[in-house]
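>>> Show me how the following folds:
(chains A and B)
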2 protein chains.
Amino acid sequence: MVETLRFRNGKLELVDQRLLPGKFKYVKCDTPREVWSAIKDMTVRGAPAIGITGAYGVYLGIKGFKGVTTRTIVQKVIKTAEYLATSRPTARNLFWGLERMVKTAKDNGGLPACELKKILLNEAHAILEEDKAICRAIGENGSFLVPKGARVLTHCNAGALATADYGTALGVIYSAKDRIREVLVDETRPVLQGARLTAWELVNEGINATLICDNMAAYMMSKKRIDLVVVGADRISANGDTANKIGTYSVAVNAKYHGIPFYVAAPSSTFDLTLRSGALIPIEERDPMEVKSLGGKLITVKGIHAANPAFDVTPAGLITGIITEMGVILKPSRSRVKIVLNRGSRSSQRYGTRA
Amino acid sequence: MVETLRFRNGKLELVDQRLLPGKFKYVKCDTPREVWSAIKDMTVRGAPAIGITGAYGVYLGIKGFKGVTTRTIVQKVIKTAEYLATSRPTARNLFWGLERMVKTAKDNGGLPACELKKILLNEAHAILEEDKAICRAIGENGSFLVPKGARVLTHCNAGALATADYGTALGVIYSAKDRIREVLVDETRPVLQGARLTAWELVNEGINATLICDNMAAYMMSKKRIDLVVVGADRISANGDTANKIGTYSVAVNAKYHGIPFYVAAPSSTFDLTLRSGALIPIEERDPMEVKSLGGKLITVKGIHAANPAFDVTPAGLITGIITEMGVILKPSRSRVKIVLNRGSRSSQRYGTRA
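Here you go, the predicted structure:
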């Protein structure tokens, strides 16, 4: 399985996902600014992966910081986290990772500066290691939902490239590998995470995979070529409404129409229990040129406008179940989400604006 | 409005739609083989346009034919029509155009060879001229369905480039131009007829147009940015089921879910009354490389399979109305189709296989 993120010689190394599948190359980040850009320009993407990236970004902000008192270091941690929080607005995991680093700094404010730095690096390491365990747990919890001989549709990339291990939605597929007949892969315009990243992962893992254009999914459902859908998530509100890559909602509506189970796979860090419903999730609007061009080449006329919402929200009512490391939330609702996550209030330090 | 097809100096000239919007260039066809290729490789596309192209193709087959008896000419017409019918399987209009040329030849079998040739060329001209009038009638019939300030979604290209005049679905939009606030254009992967052709037409006509990826249509519906959908058609069965460009079905399911009117605009020549339902319409499967590449460049990994159905079928139950030159068939059904089309049996000479 590819190592999407790693920390080596004091630097964060990220697989440059803009170049895949043509080129496999690591990009090194040494400063919060470099980390910010890597998240913004999608060198690294996928909610869990950018959560981990953000955490390391906070550490890089204080690594060489010459502040002598721990108080100035804690202040620097807060400032760096605030800065990194402005990179992308939708994925909850980014803010979750940043908040966790800030909380760690505050909780250890009494320690000497060099000690605090070590603790913060270890916290980032812990977030990465925990994500690996979480992917395995999600995979296992989800694998029971995959019938023998299943043909599975996935959208975007929620695989190894979106996490520290083998992914969330693809984690389910990898765990149930022996029972899966075929994986249909939505190409996922405009950035083609399906065609470029999921296709690359599945072929590398020897899984029988077929690429389709996003607009073919409904046709494949009508032809009974899809038994279930599994996708990742970028933010899930308290009632189970799920923001994920643009196009997910269209797949969910079609799955409902065809009576096909539609699953979301995501770690608990993707939940934002402060948001009553998905309508409050901020949706990133990206550069229209991502839609108007491909590989740097214009595919349409200059004079046309283009919209480029990067995510959409699938209401809980269209979701058969949300697969988390803590268990599967079937027919998600406010109370069912609470029961499975089984946790109370969240950290008070919060980043990321509401929609 | 662009002249998509024209007959000049004994040759059929077609706008090369593979090159748009980058380059505007006519391709000249002098033989049935050249016409066959132009249809197959989508130099010309759009159901009405390939119907007209096919008719001229039949004439080109006998134009220089040295057969002395009219009987050999009629035989040649039949052979040429059979050959051209193998170019693409889904659009009804192609077979309709070919059948009409064959019928004309048979009906005039008693005339001298040079007379028959003239009659056949005139028949092709008539088909082209009639299409212009049909586009205008469809546009007018459909324009009454467009409310003031409407935001309209269209998929693929059913405009001037798909017909001899200003199109079917786009004909409705052009007719109601003054009442339309915005047209949303599905890019229409894999061949990008929306991004390349519809965008080009709408910008040329000064219509406020916004390009979206196909997977964004549902999101736009949920955000109340779409008031109605209008698309073209490639073949409509007797009960109103409609084959159109892949992705149309997905849009129709989403329109139904959001309570948005979904209209099909097509000439009566698109109807295939011999087919009981859309399940019998043959769906063309094209080269997987159209999905795996863009502009000649691979966008995914070599090892992955790809599916490339060029069309899908939208059941009549998802269609609010079919706009024809003879009137609008609201809530299409077998009997309602019959009433509006008001015609009996069809030509006995038939091309195009069933699914």
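
>>> for A:Trp237, phi and psi?
I think there's a mix-up here, since residue A:237 is Ser and not Trp. Dihedral angles phi and psi of A:Ser237 (degrees, to the nearest 10) take the values phi -80, psi 170.

>>> Just give the closest residue to it, not the sequence neighbours.
Nearest residue to A:Ser237, sequence neighbours excluded (C-beta to C-beta, 6 or more residues apart in numbering or on different chains): A:Leu275, at 4.0 Å. The C-beta positions use only the backbone N, C-alpha and C, and glycine is treated the same way.

>>> Just give me the neighbour total for the residue of the stretch 1-150 of chain A found nearest chain B.
Nearest residue of the stretch 1-150 of chain A to chain B (C-beta to the nearest C-beta) works out as A:Pro21 at 4.8 Å. By other C-beta atoms under 10 Å in any protein chain shown, 22 other residues sit near A:Pro21.

>>> do the same with the one 3 residues further on
Here the count is done by other C-beta under 10 Å, and A:Phe24 has 11 residues near it.

>>> hang on, the earlier thing: for the residue of the stretch 1-150 of chain A closest to chain B, what is the enclosing helix or strand?
Here A:Pro21 sits in a region with no helix or strand, counting by DSSP states H and E.

>>> So it sits against B:Lys292, correct?
No: taking contacts as C-beta atoms under 8 Å, A:Pro21 lies outside contact range of B:Lys292: 11.2 Å.

>>> What confidence value was assigned to the closest residue to A:Ala49 other than its chain neighbours?
Closest residue to A:Ala49 apart from its sequence neighbours, by C-beta to C-beta, 6+ apart: A:Ala162 at 5.2 Å. pLDDT, A:Ala162: 98.

>>> And for A:Asn342?
For A:Asn342, pLDDT reads 81.

>>> which SS class is the residue nearest to the residue of the stretch 1-150 of chain A closest to chain B when sequence neighbours are not counted?
Nearest non-adjacent residue to A:Pro21, counting by C-beta to C-beta, 6+ apart: A:Trp200, 4.1 Å away. Secondary structure for A:Trp200, judged by DSSP: H, G, I helix; E, B strand; the rest coil, is helix.

>>> Helix or strand for A:Pro48, just tell me which one.
helix A:47-63.

>>> Can you name the next helix or strand after that helix?
Scanning forward in sequence from helix A:47-63 by DSSP H and E, the next helix or strand is helix A:70-84.

>>> what angle do that next one and helix A:47-63 make?
In terms of direction (axes from the mean of the first three to the mean of the last three C-alpha atoms, to 10 degrees), helix A:70-84 departs from helix A:47-63 by 140 degrees.

>>> that older thread, how many other residues sit next to the residue nearest to A:Ala49?
32.

>>> Point out where the stretch 251-355 of chain A drops to low pLDDT.
A:343-355 (pLDDT under 70).

>>> still on that earlier bit, OK, contacts around the residue of the stretch 1-150 of chain A closest to chain B?
A:Pro21 makes contact with A:Arg196, A:Leu197, A:Ala199, A:Trp200, B:Thr300, B:Val301, according to C-beta atoms under 8 Å, 6 or more residues apart in numbering or on different chains.

>>> could you redo the last one with a cut-off of 6 Å?
Residues near A:Pro21 by C-beta atoms under 6 Å, 6 or more residues apart in numbering or on different chains: A:Arg196, A:Trp200, B:Val301.
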